[in-house]
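> I need the structure of the sequence given here:
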Amino acid sequence: MSMFGTVRRDWDWSRCRLGPQELRGRTMAVIGGTNGVGRAIVNEAVSKGAEVWVVGRTFRDRPDPRVHFVEADLSSLRTARDVVASLPVPSLDSVVMTQGIFAGRERKVNEDGIELDMSVSHLSRSVMVREMAPVIGSARADGSPAARIFVMGFPGGLREATLDNFNSERPYDWEKAHANTVVGNEALVLESAEQYPHVRFYGLNPGIMKSNIMGGLLGAGSVFHIAQQTVIGIIFQSVEQYAAKILPLLFAPDIDGRSGAMFDRNANPIFGNPYLTDRAYRVRVTEASEALIGRAR
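The predicted model follows:
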């Protein structure tokens, strides 16, 4: 099983190109949509006519009447909870959660003492799902498709969480810290699919792309970081190429009955992490997440 996940051969979804105005009348939110892959998804969705709410730190694009910016620092779980009130959640067709960083060589924490990768890349998503799920899409017309929430991470790999050190305190290991967020996000998709059956949940594994997400690990702007990003840009697809592949999936009608499904960098359905097929293990991961969220109350 690779880091991109093993492609499923037992089913697929119907792929088609979206026309310039095909998403007109559709509304979505991209959490972490001001940079990298989130920004690329926003631009792709707007080019197809969608109205998009963008949550992030700094909005650098030109004003567009179809794009609405909500400023937020999602390292704070209280902010993550409060920002949901700034979004038209009952009117949304879909939400894509791309916010995230990568664990650094040295441990960093947020205002509540929670390891930074954990707080930004996983727990902020958990908090927002809990706030959104009860009402998302509820103000749309009768007969509208079920609302969808997509959680981006690296689902489908063979990773285990360090549940007795979920906050990466003793000792700190950046690989294990990041694995905790990866497993936490996949568990979030699977548990939410069961807890909120009126909403559809999916996991996205974009694979390796040129972005700044690993700057904290490699040293942002360092020679090594620049060289790595140059090589990645040559070998792997761009964030724009990924966005063009994934956008049709976000609105594809034939994945509706597949809540809890995971998709790879080419929008292929993939098998999930085998550790998370054990419901008891997923519950333990969820409980570890909830324990850390409780610190921010």
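> list the contacts of the helix or strand containing Gly203.
Per DSSP states H and E: Gly203 is located in strand 200-204. The list of residues contacting strand 200-204 from outside it, by CB atoms under 8 Å, 6 or more residues apart in numbering, reads 96, 146-153, 155-156, 185-186, 188-190, 192-193, 246, 255-256, 258-263, 272. C-beta: built from backbone N, CA, C; applies to glycine.
> buried subset of those residues, written for PyMOL?
Those of these that count as buried under 16 or more other CB atoms under 10 Å are selected in PyMOL with:
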select buried, resi 96+146+147+148+149+150+151+152+153+155+156+185+186+188+189+190+192+193+246+255+258+259+260+261+262+263+272
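> tell me the angle of the longest helix along the chain relative to strand 200-204?
Counting by DSSP state H, the longest helix found in the chain is helix 174-195. Computed by axes from the mean of the first three to the mean of the last three CA atoms, to 10 degrees, the angle separating helix 174-195 from strand 200-204 equals 160 degrees.
> how far off centre is helix 174-195?
The chain centroid and the centroid of helix 174-195 are separated by 11 Å under CA atoms, centre = their mean, to the nearest Å.
> for that helix, packing partners?
helix 116-118, helix 124-132, strand 148-152, strand 200-204, helix 279-293 (3 or more CB pairs under 8 Å, 6 or more residues apart in numbering; DSSP states H and E).
> recalculate using a threshold of 10 Å.
helix 116-118, helix 124-132, strand 148-152, strand 200-204, helix 215-218, strand 261-263, helix 279-293 (3 or more CB pairs under 10 Å, 6 or more residues apart in numbering; DSSP states H and E).
> okay, the longest one in PDB with CA atoms only?
Read it as helix 279-293. What follows is helix 279-293, C-alpha atoms only, in PDB (Å, rounded to 0.1, in the frame of the first residue of the first chain):
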ATOM      1  CA  ARG A 279     -14.300   0.400  14.600                       C
ATOM      2  CA  ALA A 280     -12.900   0.200  18.100                       C
ATOM      3  CA  TYR A 281      -9.700   1.600  16.900                       C
ATOM      4  CA  ARG A 282     -11.500   4.500  15.100                       C
ATOM      5  CA  VAL A 283     -13.300   5.300  18.300                       C
ATOM      6  CA  ARG A 284     -10.100   5.400  20.300                       C
ATOM      7  CA  VAL A 285      -8.700   7.900  17.700                       C
ATOM      8  CA  THR A 286     -11.800  10.000  17.900                       C
ATOM      9  CA  GLU A 287     -11.700  10.000  21.700                       C
ATOM     10  CA  ALA A 288      -8.000  11.100  21.600                       C
ATOM     11  CA  SER A 289      -9.100  14.000  19.300                       C
ATOM     12  CA  GLU A 290     -12.000  15.000  21.600                       C
ATOM     13  CA  ALA A 291      -9.700  15.000  24.600                       C
ATOM     14  CA  LEU A 292      -7.400  17.600  23.000                       C
ATOM     15  CA  ILE A 293     -10.300  19.700  21.700                       C
END
